[in-house]
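# Quick check, what structure comes out for this input:
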Amino acid sequence: MVRTENKVSTKRVYAYRRITAAPEKQTVPSNLSYLYIGNRFRASLELHSGFETSHFLFSLDEACKLLSRLEKAGRLPSVILLDGPSDISAVRKFLTRLREVEAYKNMAVLADVKNCRQDMIAHLSQEKGITDLVMIKTATCLAEKAAFYTKLQKDAMKTEKSIRQGINWNLIKTYGFVRVFDLIFSTICIVLLSPLMLLLGLLVKLEGGSGLFEFSTERGLRYHSFRYIRFRTELSYSAEQLPDLCHVNQFMVGENDKSSFQSKINQTTRVGAFLRSTNLDELPALFNVLAGDISFIRQR
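Here you go, the predicted model:
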């Protein structure tokens, strides 16, 4: 008789699991306040959650008076929310008043465009005093926006204070070399490329009508807005030319003499198409670099 031994093979199996820490919970400061300007009172009540103080007004003029009182009391709101469609001229006047007062200069102004038409959104996006276009759906979203822009405001005030106090070597090390490089290199480029820019400007003027440049509002460092310069690449018409263009169906005139542009017609000039394809329409942006709005080697 032969004795056999059955050996059962054992195999070790190692399971590797990646252990990750729970994401840090975003804490919203408890001392936030906001000023709501609009006509949707029910919506403004829903946005009150997460704020210590809220102010609700219908009129932009009343908002200016309230801000003056809050400034004297030392309780300015963290953020201003413009809700719904309103007169763009009144909004522009309100923003001008804000820029004239030193205490309001860094205050964030948000425009809720959820119920706005496309033309109104286009106008608001070009206004210099509008910090951001938003679609606020919950109070948490508004509170997070307010906390974010409040931090930006404090950082901007800290930077301005450091500049007023004198030489700040940390600031010089961070931005000094970049700014000196931008100044020198942009000046050299403008001098060397000035004949080309003059030639392109002449071609744009001859083919496109009035105006050499077109401007767009862009956001830079700390969400400060500036006017970005390009060579104009599309046709431009004055109000006096409108009756002469009706027969080619480029414009439609209604009962109130308001013109509406037919977007299906290509208004890009031949020179403009060439400038866009070669990016030569961006050459005037060298003056933005010279002014400090944008940089060659850093973000705006």
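
# Arg270 is in contact with Val204, isn't it?
No: at 10.8 Å, Arg270 does not count as touching Val204 under the criterion of CB atoms under 8 Å. For every residue, glycine as well, the C-beta is placed using N, CA and C.

# From Arg232, how far off is Leu35?
Distance from Leu35 to Arg232, counting by CB to CB, to the nearest Å: 38 Å.

# Kindly report the same for Phe177.
According to CB to CB, Phe177 and Arg232 sit 35 Å apart.

# more neighbours, those two?
Arg232 (23 against 11; other CB atoms under 10 Å).

# Using the three-state scheme, assign the nearest residue to that one once chain neighbours are set aside.
Excluding its sequence neighbours, the residue lying closest to Arg232 (CB to CB, 6 or more residues apart in numbering) is Glu214, at 4.4 Å. Following DSSP: H, G, I helix; E, B strand; the rest coil, the label given to Glu214 is strand.

# does Glu214 really touch Arg227, like I thought?
No: Glu214 lies out of contact with Arg227 (CB under 8 Å); the separation is 10.1 Å.

# quick one, which of these two is more surrounded?
Glu214 (18 against 14).

# Please read off the pLDDT at the more buried one from the model.
Glu214 is assigned 87 on the pLDDT scale.

# which residues in the stretch 51-200 of the chain form helices?
Secondary structure of the stretch 51-200 of the chain, counting by DSSP state H, counting those that start in this stretch: helices at 60-73, 88-100, 118-125, 139-165, 169-171, 177-208.

# any weak-confidence spans in the stretch 51-200 of the chain?
For the stretch 51-200 of the chain, residues meeting the criterion pLDDT under 70 lie at 84-86, 159, 162-174.

# redo that, cut-off 90
Low-confidence segments of the stretch 51-200 of the chain (pLDDT under 90): 51-181.

# Look up how far Asp182 lies from the nearest residue to Leu212 once chain neighbours are set aside.
Of all residues not flanking Leu212 in the chain, Gly201 sits nearest, at 5.0 Å (CB to CB, 6+ apart). Distance of Gly201 to Asp182, given as CB to CB: 23 Å.

# Those two: which has the busier surroundings?
Neighbour count, other CB under 10 Å: between Gly201 and Asp182, Asp182 has more, with 21 against 16.

# That one reaches Gly292, doesn't it?
Yes: at 7.3 Å, Asp182 counts as touching Gly292 under the criterion of CB under 8 Å.

# Can you give the domain ranges for this protein?
Per automatic domain parsing, the structural domains of the chain span 33-165, 169-233+268-291.

# would a markdown table of these with distance to Ile297 be doable?
Putting the domains of the chain into a markdown table (distance: least, CB to CB, whole Å) gives the following:
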| stretch | distance to Ile297 |
| --- | --- |
| domain 33-165 | 20 |
| domain 169-233+268-291 | 6 |
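
# On the three-state scheme, the closest residue to Leu196 other than its chain neighbours is what?
Closest residue to Leu196 apart from its sequence neighbours, by CB to CB, 6+ apart: Leu283 at 7.4 Å. At Leu283 the chain is in helix, as set by three-state DSSP.

# Asp155 versus Leu283, what's the distance?
Applying CB to CB to Leu283 and Asp155 gives a distance of 33 Å.

# which of these two has more neighbours?
More crowded of Leu283 and Asp155, by other CB under 10 Å: Leu283, with 20 against 12.

# got a pLDDT number for that one?
With respect to pLDDT, Leu283 has a value of 93.

# Any figure for the gap between it and Ile188?
From Leu283 to Ile188 the distance is 14 Å (CB to CB).
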